[in-house]
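Visitor: test case, fold it:
(one chain, ligands or ions: 2)
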Amino acid sequence: MAERVIKDDQPRVYFDCNKCPAFCCSIYERVAVTKRDITRLAKHFGVTFEEAQRRYTTEYDGERVLKRVKDVIFERTCAFLDQKTRGCTIYHARPGVCRSYPGRSRCAYYDVLRFERIQQGDESVIPQIKITFREVEEDVVENADGPERVYEWDDTEK
Ligand code: SF4
Ligand code: SF4
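Guide: Ligands and ions are numbered 1, 2, ... in the order given. Predicted coordinates for the structure are as follows:
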């Protein structure tokens, strides 16, 4: 069966990965890989599926993920990140999750990066941040004037 082609056509209107130190490749402890991702890696490096799995991935919390290494900017980063250029060294063979991130027209990390650089008037600033995303839960409460919609932070640990 032919390998499905994952298109990288998400609009990058509000962020520029070329001007970012690659938060997404470094902040997250795990970059999950599927069998299809490992097959793609194997093809890219001209090795067997088993060899690609052994060389480039590891087990994390019951999940198969890409290996990580010590980083010059953040604590650790993906083993495939070029730590000097901050670009992906396997761009055309990178996993599906990397292709789809952040899955919307804005990247929260890029927004913070721009904010800090403008704020400090220094284009070399790299904020050391890890954004924790929390769900907002909608609730309907009754009050004197009838039902009212309120939004509460979801405090459950993710
Ligand atoms: S954190 Fe956002 S802007 Fe930076 S490389 Fe990742 S997707 Fe691109
Ligand atoms: S495979 Fe490439 S894009 Fe994905 S986390 Fe690693 S360096 Fe980043």
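Visitor: please see if the longest helix seen in the chain touches ligand 1.
Guide: Identified as the longest helix of the chain according to DSSP state H is helix 108-120. Yes. Helix 108-120 is in contact with ligand 1 by C-beta under 6 Å from any ligand atom, via 109-110. All C-beta spots, glycine's among them, are computed from the backbone N, C-alpha and C.
Visitor: what's the local residue count around the spatially closest residue to residue 127 that is not a sequence neighbour?
Guide: In space, and not counting its chain neighbours, residue 127 is closest to residue 116: 4.7 Å by C-beta to C-beta, 6 or more residues apart in numbering. Residues lying near residue 116 (other C-beta atoms under 10 Å) number 14.
Visitor: again, but for residue 27
Guide: Neighbours of residue 27 (other C-beta under 10 Å): 16.
Visitor: repeat for residue 122
Guide: With neighbours defined by other C-beta under 10 Å, the count for residue 122 comes to 10.
Visitor: okay, it: pLDDT?
Guide: We have a pLDDT of 96 for residue 122.
Visitor: in three-state terms, label it for me.
Guide: coil (DSSP: H, G, I helix; E, B strand; the rest coil).
Visitor: what about stretch 19-31, distance to the chain center?
Guide: In terms of C-alpha atoms, centre = their mean, to the nearest Å, the centre of stretch 19-31 is set 6 Å apart from its chain centre.
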